[in-house]
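**Q** Sequence and computational prediction follow.
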Amino acid sequence: MLSFRTIPTLRTASCLLAIAFGTMVVPRCNAQQGGSDSLFRIWKDNARHDTVRLAALNSFLWAGFMYQDPDSALVLNQQRFVLAKAKGYRGPEAEAYNMSGYLHSIKGDHGKAIADYTDCLRIYDELGKKSGVGVALSGIGSIYYYQGDLVNAMKYYKQGLEVHEAIGNEPGIAFCLNNIGNVHADNKEPEKALACYERVLKIRKAKKDVRGIALALNNIGLIHADMALISAKAGNAELATTQRKVAIRELNESIHFCRQVDDLQGECGSLVNIASIYADEGVPEKVVEYNLLALPIAQEHGFLTEMREIRRALYKAYQTMGRYADALAMHEEFILIRDSIVREENQQEILRQRMQYDFDKKEAMAQAEQDKKDALAEQELRRQKMQRNGFMGGFALVALFAAVFFFQRNRISKEKQRSEELLLNILPEEVAEELKAKGSADAVQIDQVTVLFTDFKGFTAMSEILSPRDLVRDLNECFSAFDHITGKYGIEKIKTIGDAYMAAGGLPTPNTTHATDVIKAAFEMRDFIAEGKALKIAAGLPYFEIRIGVHTGPVVAGIVGVKKFSYDIWGDTVNTASRMESSGVVGQVNVSEATYVQVREQAGSLFHFTPRGKVQAKGKGEMEMFFVERHSAGPVASL
């Protein structure tokens, strides 16, 4: 059952973290500093006292900027840390460590996150600030939770709870109890989890914290849903039905409170959770009803994870209801949003690299300027003290400048190279160069390219057998091998679409060997899958089988958009290549007549073709097709 439980992760209730941390450790500026823009202007105003500036930046980051742009937030937080450290402000220094730990946890860098929270804990402990100690302990517990280490997660959560209970910090108590409840839920201890969540609800209601009430009700509803599943498996259908009704009631209450505070993501998550309960109960009509209520909210506000899971649930529900056309359409939308999430993550990494490069460049220039001033001062002092050492002092100065210059240049060059490599993972080199030079890249017509499509037979059936981790691992192994093969033959990988792989030869720079290169690559892809199949059979494991289709013709190639851009090709050639794959046979390379004509002069020395005659292709009618093999495979075909 899909569940959006309120745990401190990027995909769930980050708003709860902001509430908890804000209550416990975020200092507030005075009343005249209203609004996030005002807070940022205070931070930039060097005429104000440093403590006021640091407090303003802290409030600005926690007010929401850290969620909008965590990479920029890391840069700003580093500036805050440098200032606090230089001025000896221990409290703001600890706050900077706390923020850095949370931002690194968002980005999945758990090692840095634990190190930051440990430094935060040390400073708060030295200052005797118990509420800060409790926050740092909870932060460390959350990192262990992300890593699946529930034993250590529980250990640190309980330590944080003891600290907050000792000082009567109710928001901190509720926060730790929520996390302890999550651990109990993951450990299949629903009664213990329910006890924690009910204590959280009591505290939230006493504080009239509407958002916190909604989140607690959501978790309580999910626990009742878990208990319903346990009862159903034990054969107690009546109890299971009662518990599901309680779960749905609690989740509807959660939706009610979410609407009071305009918590759209919380409302969307609770709707999805209700739908998942009906899925467990085997009522697909209700699954469709509640997911269709959640879908427009997720689409309008860009909740990508929810959009993906809603489409997955609708696809399964439509299948169960026999609405196969709707199921197919929803499955295609699910694949698109899943690939969109991957592309967005890649784009965010590019932007992060470029931002870090710009920051390092400015830092290097500032450091070089300071080094220059220091060196000039040292030179003047030496000239006054000892004139006879002037030559040696000048030589040392030149050496110092050279060392600083080369060190900073190498540092900037390495960051730039990292950004360049990441960009070239997304775009062909020629297109990337054009994009950097002009800020855009023109679409081009290429008269002759050869397009390759692959698809795995039985992928959907395997997805029902294998765990998600094993399925993604096997798929990644195959596609990584395909990437090496296309690179070997100078072929451009275009994209993956679910379990399909698309590549093209003869672009972005046209050549005369594209058809031959693509067919050779197709053989190596097929052989790689065949070897993997043999090993899987020997080990008694499920395996992939592959169909490969190839077609030659004209395409339009280019990139679309100005932000989440990707290199792609369009035209009937692409559609026909896809039909070659879907009309093919497992273990064979199926090529069109156009590709056969392109390489037939080389067929005597390289390939053998087996004519298939006219084969019906979806949306194309009957088309001449050929199976192609290496020279030793059989008789040569002729037109």
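**A** Here it is on my side, so go on.

**Q** Give the closest residue to Gln598 in space, chain neighbours not counted.
**A** Nearest residue to Gln598, sequence neighbours excluded (C-beta to C-beta, 6 or more residues apart in numbering): Ala515, at 4.1 Å. For every residue, glycine as well, the C-beta is placed using N, CA and C.

**Q** list the contacts for the one you found?
**A** By C-beta atoms under 8 Å, 6 or more residues apart in numbering, the residues touching Ala515 are Thr450, Gly505, Gly506, Val550, Thr552, Thr595, Gln598, Val599.

**Q** State the distance from the closest residue to Ile203 other than its chain neighbours to Glu165.
**A** Setting aside the residues directly before and after it, Ile203 is nearest to Ala174 in space (C-beta to C-beta, 6+ apart), at 4.3 Å. Here Ala174 is placed at a distance of 11 Å from Glu165 (C-beta to C-beta, to the nearest Å).

**Q** And Lys158, by the same measure?
**A** Counting by C-beta to C-beta, the gap from Lys158 to Glu165 is 10 Å.

**Q** Over to Phe609: give its phi and psi.
**A** Torsion angles at Phe609 (phi, psi; degrees, to the nearest 10) stand at phi -110, psi 140.

**Q** Repeat that for Ala539.
**A** Taking degrees, to the nearest 10 as the convention, Ala539 sits at phi -90, psi 0.

**Q** What of Asp447?
**A** The phi/psi pair for Asp447 (degrees, to the nearest 10) reads phi -70, psi -30.

**Q** what's the answer for Leu541, then?
**A** Dihedral angles (degrees, to the nearest 10) for Leu541: phi -110, psi 160.

**Q** Give me the below-cutoff pLDDT ranges for the protein.
**A** Confidence mapping of the chain against pLDDT under 70 gives the ranges 1-36, 340-371, 373-374, 377, 380, 383-384, 386-441, 560-565, 602-604, 632-639.

**Q** which one is Val133 nearest to, not counting chain neighbours?
**A** Ranked by C-beta to C-beta, 6+ apart and with sequence neighbours excluded, the top spatial neighbour of Val133 is Tyr124, at 4.8 Å.

**Q** One more: Phe459?
**A** Asp499 (4.2 Å).

**Q** Do I have it right that Glu524 meets Ile485?
**A** Yes: between Glu524 and Ile485 there is a contact under C-beta atoms under 8 Å: 4.8 Å.

**Q** who's more crowded, these two?
**A** The residue with more neighbours, out of Glu524 and Ile485, is Ile485; 20 against 16, by other C-beta atoms under 10 Å.

**Q** Next up, the contacts around the more buried one.
**A** Going by C-beta under 8 Å, 6+ apart, Ile485 touches Ala521, Glu524, Met525, Phe528.

**Q** Tell me the spacing between it and His110.
**A** Counting by C-beta to C-beta - Ile485 and His110 are separated by 34 Å.

**Q** Equivalent analysis for Leu121, please.
**A** Applying C-beta to C-beta, the value for Leu121 to His110 is 16 Å.

**Q** The two: who's more crowded?
**A** For the pair Leu121 and His110, the greater number of neighbours falls to Leu121 (23 against 16), based on other C-beta under 10 Å.

**Q** Only alpha carbons, please: show the one helix or strand that one maps to as CSV.
**A** Counting by DSSP states H and E, the element that carries Leu121 is helix 110-127. Presented in CSV, the C-alpha positions along helix 110-127 are these (Å, rounded to 0.1, in the frame of the first residue of the first chain):
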residue,chain,number,x,y,z
HIS,A,110,24.2,11.6,4.5
GLY,A,111,27.9,11.6,5.5
LYS,A,112,28.1,15.4,5.4
ALA,A,113,24.7,15.7,7.1
ILE,A,114,25.7,13.6,10.1
ALA,A,115,29.0,15.5,10.4
ASP,A,116,27.1,18.8,10.4
TYR,A,117,24.6,17.6,13.0
THR,A,118,27.4,16.3,15.2
ASP,A,119,29.1,19.7,15.2
CYS,A,120,25.8,21.4,15.9
LEU,A,121,25.2,19.0,18.8
ARG,A,122,28.7,19.7,20.2
ILE,A,123,28.2,23.5,20.2
TYR,A,124,24.7,23.4,21.7
ASP,A,125,26.0,21.1,24.4
GLU,A,126,28.8,23.5,25.2
LEU,A,127,26.4,26.4,25.3
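
**Q** Give the buried residues for whichever helix or strand comes after it.
**A** As assigned by DSSP H and E, the chain's next helix or strand after helix 110-127 is helix 130-146. For helix 130-146, a neighbour-count test (16 or more other C-beta atoms under 10 Å) marks 130-146 as buried.

**Q** chain center to the next helix-or-strand element following helix 130-146: distance?
**A** Note on helix 130-146: by DSSP H and E, the next helix or strand toward the C-terminus is helix 150-167. Taking C-alpha atoms, centre = their mean, to the nearest Å, one finds helix 150-167 lying 30 Å from the centre of the chain it belongs to.

**Q** okay, now the residue nearest to Val133: neighbour count?
**A** Here the number of neighbours of Tyr124 (other C-beta under 10 Å) works out to 26.

**Q** check contacts around it.
**A** Going by C-beta under 8 Å, 6+ apart, Tyr124 touches Ala94, Lys130, Gly132, Val133, Val135, Ala136.

**Q** quick one: the first one is in a strand?
**A** It refers to Ala94. No: per DSSP: H, G, I helix; E, B strand; the rest coil, Ala94 lies outside any strand segment and is helix.

**Q** Could you number the chain from 474 rather than 1 from now on?
**A** Sounds good: first residue 474 from here, last item Ala567.

**Q** Can you name the residues that contact it?
**A** Contacts for Ala567 (C-beta under 8 Å, 6+ apart) come out as Asp592, Cys593, Ile596, Tyr597, Leu600, Lys602, Gly605.

**Q** So which of the residues you listed wins on neighbours?
**A** Within those, most neighbours by other C-beta under 10 Å means Cys593, with 28 neighbours.

**Q** Quick check: it vs Lys681, distance?
**A** As judged by C-beta to C-beta, Cys593 and Lys681 stand 30 Å apart.

**Q** got JSON lines for the contacts of Tyr597, with distance to Asn709 too?
**A** Shown next, in JSON lines, are these (distance: C-beta to C-beta, whole Å):
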{"residue": "Ala567", "distance to Asn709": "51"}
{"residue": "Lys603", "distance to Asn709": "46"}
{"residue": "Gly605", "distance to Asn709": "47"}
{"residue": "Val606", "distance to Asn709": "45"}
{"residue": "Val608", "distance to Asn709": "42"}
{"residue": "Ala609", "distance to Asn709": "44"}
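
**Q** can you pull the contacts of Glu997?
**A** With C-beta under 8 Å, 6+ apart as the criterion, the residues that contact Glu997 are Ile958, Lys961.

**Q** Recalculate using a threshold of 6 Å.
**A** With contacts defined as C-beta atoms under 6 Å, 6 or more residues apart in numbering, Glu997 is in contact with Ile958.

**Q** Show me which positions of the host helix or strand of it end up buried.
**A** Glu997 is part of helix 987-1011, with elements assigned from DSSP H and E. Neighbour counts over helix 987-1011 (16+ other C-beta under 10 Å) mark 987-999, 1001-1002, 1005-1006 as buried.

**Q** ditto for stretch 676-688
**A** For stretch 676-688, a neighbour-count test (16+ other C-beta under 10 Å) marks Ile676, Arg677, Asp682, Val683, Arg684, Gly685, Ile686, Ala687, Leu688 as buried.

**Q** and the last one, that's in a helix?
**A** Yes: assignment of Leu688 by three-state DSSP places it within a helix.
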